[in-house]
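In: sequence first, then the predicted structure:
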Amino acid sequence: ILNVEQSPQSLHVQEGDSTNFTCSFPSSNFYALHWYRWETAKSPEALFVMTLNGDEKKKGRISATLNTKEGYSYLYIKGSQPEDSATYLCAVDSWGKLQFGAGTQVVVTP
Amino acid sequence: EAQVTQNPRYLITVTGKKLTVTCSQNMNHEYMSWYRQDPGLGLRQIYYSMNVEVTDKGDVPEGYKVSRKEKRNFPLILESPSPNQTSLYFCASSSPGRFSYNSPLHFGNGTRLTVT
């Protein structure tokens, strides 16, 4: 079973500060890496899907990078806002079989 | 509106009473999948389907069945529910595409199941 780990488990950020967190996974048997944003009482919403080593994707103030050779992906939030408060999930996609990490809970305080 | 619809949203049942949670998508997606979410464990994949009549086990398939007779529907069946299947369930779909398998998942609103 592939082990997908996210760290830290949670973090508190002051409004306006930037932050980043990690998704680690075994580098074998990998097709794509997904990132999702999950707010309380809602469904997860897609942020990025990345497949190539060195991929970088950006959506507004949120960006992500992927290193498939060493088995990690970083998610960055620039200038955090209270609306960025959510749990961020990563998932390794092995041709349809997905394994999610337990998530990083981000709390942005004004 | 493009969406994934799960029903019911909430369900309380008793041990051993067969139940079905329905999932339907209107986006003509080939790929559909089911997950359960338990505190501290994140989302765990139960089953997935790459297309009609094609289903595969995820990481936690025991105690569940699925079928994919039509493209839009992917029901989750619990033949004999047990209390350890009490969880929050999500259905999701995506369209991997023939040459570009990098399509994100679209999630349904979730079904909270309690088995007593």
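Out: Received the coordinates, thanks. None of the values given here were measured: they were computed from a predicted structure.
In: spit out the contact partners of whatever residue of chain B ends up closest to chain A.
Out: Using C-beta to the nearest C-beta, B:P104 is the residue of chain B that sits closest to chain A, at 3.3 Å. C-beta here means a position set from N, CA and C on the backbone, and glycine is covered the same way. By C-beta atoms under 8 Å, 6 or more residues apart in numbering or on different chains, the residues touching B:P104 are A:H34, A:Y36, A:A46, A:F48, A:V49, B:S94.
In: same deal with A:S10?
Out: Neighbours of A:S10 in contact, by C-beta under 8 Å, 6+ apart: A:T104, A:Q105, A:V106, A:V107.
In: one more pass at 10 Å, please.
Out: A:F21, A:T87, A:G103, A:T104, A:Q105, A:V106, A:V107 (C-beta atoms under 10 Å, 6 or more residues apart in numbering or on different chains).
In: same deal with B:R9?
Out: B:V21, B:G108, B:N109, B:G110, B:T111, B:R112.
In: go on, A:S18?
Out: A:R61, A:Y76, A:I77, A:K78, A:G79, A:S80.
In: tell me how many other residues surround the closest residue in space to B:Y10 that isn't next to it in sequence.
Out: Residue nearest to B:Y10 in three dimensions, not counting chain neighbours: B:R112, with 5.1 Å by C-beta to C-beta, 6 or more residues apart in numbering or on different chains. Residues lying near B:R112 (other C-beta atoms under 10 Å in any protein chain shown) number 14.
In: packing partners of the helix or strand B:R112 falls within?
Out: Using DSSP states H and E, B:R112 sits within strand B:111-115. Strand B:111-115 sits against strand B:10-13, strand B:19-25, strand B:31-38, strand B:76-78, strand B:87-94, with contacts defined as 3 or more C-beta pairs under 10 Å, 6 or more residues apart in numbering or on different chains; DSSP states H and E.
In: for A:D17, find the nearest of the ones you listed.
Out: Nearest to A:D17, of all the helices and strands packed on strand B:111-115, is strand B:31-38, at 29.0 Å by C-beta to C-beta.
In: buried set for the closest one?
Out: Within strand B:31-38, the residues that count as buried by 16 or more other C-beta atoms under 10 Å in any protein chain shown are B:Y31, B:M32, B:S33, B:W34, B:Y35, B:R36, B:Q37.
In: could I get the contacts of A:S10 as TSV with pLDDT?
Out: Formatted as TSV, the contacts of A:S10 follow (pLDDT from 0 to 100):
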residue	pLDDT
A:F21	97
A:T87	97
A:G103	95
A:T104	97
A:Q105	97
A:V106	98
A:V107	98
